[in-house]
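In: Following is a predicted model, sequence given first.
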Amino acid sequence: MTEALLAGRVALVTGAAQGIGKAIAEDFVRHGAKIVVADPGTSIDGSGADPKLVDGVATALGANAAAFADSIAAPSAAAAAVELAVKRFGGLDIVVNNAAILRDAFVFKLEPRDWEAVIRVNLTGAALVTAAATPVLRENAKANRGGTPYGWGRIVNIGSTAGLYGNFGQASYASAKAGLMGLTRVTALDMARSGITANLVTPFAATRVTESIKPANDGQAQYKARAMKVAAKHVANLIAFLCSPAAQKISGQIFGVRGREVFLFQQPRPVARIVNESGDWTVDALASAVQSEFAPKFTELATDLEAFNSEPIV
Ligand SMILES: NC(=O)c1ccc[n+]([C@@H]2O[C@H](COP(=O)([O-])OP(=O)(O)OC[C@H]3O[C@@H](n4cnc5c(N)ncnc54)[C@H](O)[C@@H]3O)[C@@H](O)[C@H]2O)c1
């Protein structure tokens, strides 16, 4: 019998009591990993808590899963979640920062309290868990946990195409998700010497969030109907691959997954350059050069919903 893909690994998955996180947790256990399922069981906007949810998921997964019901968006809780993995299962190898909430509002109606709540869970939470977990992962690397050469350390951040394209009314959510792009790149750089990878995955899947979309027009209604066909298992499968030995050298990348389609995203790099060789730019000269050299290469102001409003392949 061949060894299970993630045999011996311990994973911490945040926001894993439902939706995409739950699919990842189930897949990890199926692949032989032990897992901490971290989720306070909030509503989509982050309010309320239902610890029974995460207890139920961990119980259903059996002895290889442990429930953690505090919000990971506080330094002490992030550290406690990591500690639970180490104490219960003897280590930590994989972190999936999946927890997220949504508080949408047009930018001209942005409420500071909502902005802060979204940034705290979606971006700060991921940073806190990463900060708590990476010292453990570095120690693993030094000790060659899992064998020589060390190859078990993985961090996967769950982003969103909203963070890459933008979407109406999603200033806080898109900003947090765009922030994860920076966090992923820096984590990949900081952990490269230890052989620990960090990647960003922008998923599409039918979850309570997709279900909650209230279409404002026919286009959005069509988007929702298509999105509801996409199972979360495909996201879990891509992440299992990224955490497997085959992905040891893949780091700092941005992937997307929608059913059986898997995307690799370009990352922002200069696409054009103008230089004034004779002195400082005047505004008039800049206007003319930007129009002729940059304008043909400007990025279209399209939302992610518009960009991905094609029939998913499921
Ligand atoms: N569903 C999609 O199509 C889609 C699209 C783009 C991005 N995403 C991203 O995928 C991830 C999962 O989304 P989903 O659709 O499964 O959402 P979901 O609402 O079904 O699940 C999110 C989970 O995160 C948990 N959570 C909230 N605050 C938390 C906290 N402070 N600590 C720990 N857990 C917390 C919630 O209780 C919930 O169980 C999110 O990062 C989301 O932004 C999803």
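Out: Alright, I've got the coordinates.
In: Get me the contact residues on the stretch 51-200 of the chain for the ligand.
Out: For the stretch 51-200 of the chain, the contact set with the ligand under CB under 6 Å from any ligand atom comprises 71-73, 98-101, 121, 125, 158, 160. Just so you know, the C-beta spots here come from the backbone N, C-alpha and C atoms, and that holds for glycine as well.
In: Check the stretch 1-150 of the chain for the residue nearest the ligand and tell me.
Out: Residue of the stretch 1-150 of the chain nearest the ligand, by CB to the nearest ligand atom: residue 19 (2.2 Å).
In: Quick check: strands, which of the residues of the stretch 51-200 of the chain next to the ligand are part of them?
Out: The members of those that map onto strands under DSSP state E are residue 158.
In: can you redo the residues of the stretch 51-200 of the chain next to the ligand as JSON lines with neighbour count?
Out: Below are those laid out as JSON lines (neighbours: other CB atoms under 10 Å):
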{"residue": "71", "neighbour count": "21"}
{"residue": "72", "neighbour count": "27"}
{"residue": "73", "neighbour count": "24"}
{"residue": "98", "neighbour count": "27"}
{"residue": "99", "neighbour count": "25"}
{"residue": "100", "neighbour count": "26"}
{"residue": "101", "neighbour count": "24"}
{"residue": "121", "neighbour count": "23"}
{"residue": "125", "neighbour count": "26"}
{"residue": "158", "neighbour count": "25"}
{"residue": "160", "neighbour count": "25"}
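In: Counting only helices, which of the residues of the stretch 51-200 of the chain next to the ligand make the cut?
Out: Judged by DSSP state H, helices contain the following of those: residue 125.
In: In TSV: the residues of the stretch 51-200 of the chain next to the ligand, plus distance to residue 284.
Out: Formatted as TSV, those follow (distance: CB to CB, whole Å):
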residue	distance to residue 284
71	53
72	52
73	49
98	50
99	50
100	46
101	47
121	47
125	47
158	46
160	40
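In: possible to save the residues of the stretch 51-200 of the chain next to the ligand as CSV with pLDDT?
Out: Formatted as CSV, these follow (pLDDT from 0 to 100):
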residue, pLDDT
71, 98
72, 98
73, 96
98, 98
99, 98
100, 98
101, 98
121, 98
125, 98
158, 99
160, 98
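In: Tell me where the chain has strands.
Out: Going by DSSP E, the chain shows strands at 10-14, 34-38, 65-68, 94-97, 154-158, 197-204, 254-258, 261-264.
In: Which stretches in this protein count as helices?
Out: In the chain, the helices defined using DSSP H lie at 19-30, 51-61, 75-89, 112-119, 125-142, 161-165, 171-191, 208-211, 218-227, 233-242, 283-289, 304-307.
In: give the contact list for the residue nearest to residue 241 when sequence neighbours are not counted.
Out: Spatial nearest neighbour of residue 241, chain neighbours left out: residue 247 (5.9 Å); criterion: CB to CB, 6 or more residues apart in numbering. Residues counted as contacts of residue 247 (CB atoms under 8 Å, 6 or more residues apart in numbering) are 154, 197, 241.
In: which of those are buried?
Out: 154, 197 (16 or more other CB atoms under 10 Å).
In: For the closest residue to the ligand within the stretch 201-314 of the chain, list the residues it contacts.
Out: For the stretch 201-314 of the chain, the residue closest to the ligand is residue 207, as judged by CB to the nearest ligand atom, at 3.3 Å. With contact taken as CB under 8 Å, 6+ apart, residue 207 is in contact with 18-20, 232.
In: what's the answer for residue 125, then?
Out: Residues near residue 125 by CB under 8 Å, 6+ apart: 14, 71-73, 78, 97, 99.
In: can you redo these as JSON lines with distance to residue 236?
Out: Shown next, in JSON lines, are the contacts of residue 125 (distance: CB to CB, whole Å):
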{"residue": "14", "distance to residue 236": "15"}
{"residue": "71", "distance to residue 236": "23"}
{"residue": "72", "distance to residue 236": "19"}
{"residue": "73", "distance to residue 236": "23"}
{"residue": "78", "distance to residue 236": "23"}
{"residue": "97", "distance to residue 236": "15"}
{"residue": "99", "distance to residue 236": "16"}
